[in-house]
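**Student:** Following is a predicted model, sequence given first.
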Amino acid sequence: MFRLFSCLSAGLFLGIFLIVPASQGHSAQEEPLWSVYAYGGQWTDTRFVRIVFRGQTDFQNAYVWVVGGSRNIYSFSRHLRAEGEFNLAQYSGRQNHREVNTAFSLRWRTFPWDRYVDTSLAYGLGLSRAFERPPIEEEPDRRAVRTLLSMPTELTFAPPREKRSPWEVMLRIHHRSGAFGVFRDAGGSNFVSLGVRYRFHEWGGLKP
C-alpha cells in the first residue's frame, strides 16, 4: 500500500512540476522560473526541533549528497512564493543507498537586511522514498521504513537582488520524518547540509 501510494504521489507531483503553467498572483515575470541545486550534509542524531530552535547537533558518521531541481508554482506576493522540487540523494558512511524526494514548499523572500544579503527561508512537505531501509533510522521503539515524509527546511543567501546574481548559497536540513506515527511509528533522520543553487528562466542554455 505504501509503495503504491508513494509511486502515485511521485507521478502526480512530476505531472504538476513539469506540465502545469506557473501562476503569478503577484507580478513577477522577471523572476527566474527554475532552479537546480546540489548540497552535501552530515547526519546529526538530534531531533528536528532541537536543531532548528536550539541549534543543537550531535554529528555522526553518515553523509548525504543531493542533486535536484525546483520550479516556481505561484507567487502570492513579493514576500511569499510556492515552489515544487524533486531531488536524488546518495548516502555514505553508516548507510549506503539512494533515495528520491519530492516537496511543495513555501518560501518567505523579504528580510530587513536584503539590501546587503538577499535572504530567503523555505519550508516544505512531500514524500521521501529510500531504495533500502535506512540503518540509522532504526531505534529501540521505532523501525526504519523506506517511505517517509520529506520536510526540507532551508535558508538561502545571495548578493542583493538588484545585482541579479543567479547563484545562492543554501543551508538546509535534509529531514525524513515519520510524521508522529503516520508512517507506521517509523523513525526519521536529520542531515545538516550546505550547498549552492542556480536560478534561471529557461532550460535552453540555462539562461539566468
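**Tutor:** Now that the structure is in, tell me what you want to look at.

**Student:** for the record, mean pLDDT for stretch 188-199?
**Tutor:** Stretch 188-199 shows a mean pLDDT of 93 in the predicted model.

**Student:** Pull out the buried residues from it.
**Tutor:** Gly188, Ser189, Asn190, Phe191, Val192, Ser193, Gly195, Arg197, Tyr198, Arg199 (16 or more other Cβ atoms under 10 Å). Just so you know, the C-beta spots here come from the backbone N, C-alpha and C atoms, and that holds for glycine as well.

**Student:** what would the residues you listed look like in CSV with distance to Ala130 and secondary structure?
**Tutor:** CSV is the format used below for these (distance: Cβ to Cβ, whole Å; DSSP: H, G, I helix; E, B strand; the rest coil):
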residue, distance to Ala130, secondary structure
Gly188, 11, coil
Ser189, 10, strand
Asn190, 15, strand
Phe191, 13, strand
Val192, 19, strand
Ser193, 17, strand
Gly195, 20, strand
Arg197, 24, strand
Tyr198, 27, strand
Arg199, 29, strand
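
**Student:** For Ser35, I want the exact helix or strand it lies within.
**Tutor:** Per DSSP states H and E: Ser35 is located in strand 34-44.

**Student:** Also Val52?
**Tutor:** Using DSSP H and E, Val52 falls within helix 48-54.
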